[in-house]
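Asker: Model the structure of this input:
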Amino acid sequence: MEERVLGMPAVESNMFPLGKQAPPFALTNVIDGNVVRLEDVKSDAATVIMFICNHCPFVKHVQHELVRLANDYMPKGVSFVAINSNDAEQYPEDSPENMKKVAEELGYPFPYLYDETQEVAKAYDAACTPDFYIFDRDLKCVYRGQLDDSRPNNGIPVTGESIRAALDALLEGRPVPEKQKPSIGCSIKWKPSA
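Answerer: As a prediction, this is how the structure comes out:
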């Protein structure tokens, strides 16, 4: 399904299968230059993986909530990691240097990783920015979809409600509801095929 927001085409999440194992990764954190692996960020409570970028209006719309969300749930043992898989040659605003600037300006409390080869986005079947995944203590997918019902210009406040409800269920030992709405955002900017 394609929508248009702020004149930009919008695409939905591909909805990674529930119960599927999180694909491994080893990517550079633009904030400190260290390589971060999935096993480094795995949490016994929950692991949230977010595909975001710098230039997308859908991501800009929720950036402050991503920081609030992480600051609210990291003390409860939830880990967060953000990944940018966009082609930085076509979209220089999404370059590692600019990723670092944005992360520092907004005070990202989580690693912001650069997926230069785009292999990680492909492994997660990521389609849009932002695209969200929650994995349980065994790294099995329990949630994939939207942050909340807010979109640029729809007048609904950004609360992180959908992700918060899924995390609360997981932390309280309740099943995460299987009815989940896909995220909507800009398409991941794939490199031209070689």
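Asker: Every contact and neighbour count from this point should use C-alpha atoms.
Answerer: Fine.
Asker: hey, where'd the helices end up in this structure?
Answerer: Shown for the chain, the helices assigned by DSSP state H span residues 38-41, 57-73, 96-106, 119-123, 161-171.
Asker: Which of those helices sits closest to Leu18?
Answerer: Closest of the helices of the chain to Leu18 is helix 161-171, at 12.8 Å (criterion: C-alpha to C-alpha).
Asker: buried set for the closest one?
Answerer: Burial within helix 161-171, assessed by neighbour count using 16 or more other C-alpha atoms under 10 Å, is assigned to 161-164, 166-167, 170-171.
Asker: residue ranges with poor pLDDT in the chain?
Answerer: Screening the chain residue by residue with the criterion pLDDT under 70, one finds the ranges 1-9, 194.
Asker: re earlier: got TSV for the helices of the chain, with distance to Glu178 too?
Answerer: Shown next, in TSV, are the helices of the chain (distance: least, C-alpha to C-alpha, whole Å):
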stretch	distance to Glu178
helix 38-41	24
helix 57-73	21
helix 96-106	32
helix 119-123	22
helix 161-171	10
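Asker: Out of the ones you listed, which is closest to Pro192?
Answerer: Using C-alpha to C-alpha as the measure, helix 119-123 is the one of these that comes nearest Pro192, at 14.0 Å.
Asker: what residues does the closest one touch?
Answerer: Defining contact as C-alpha atoms under 8 Å, 6 or more residues apart in numbering, one finds that helix 119-123 is touched by 23, 25, 51, 85, 115, 127.
Asker: Now intersect the residues you listed with the strands, please.
Answerer: Under the assignment DSSP state E, the contacts of helix 119-123 contribute Phe51 to strands.
Asker: Of the contacts of helix 119-123, which pair is most distant in space?
Answerer: Farthest-apart pair in these is Phe25 and Ala127; separation 17.4 Å (C-alpha to C-alpha).
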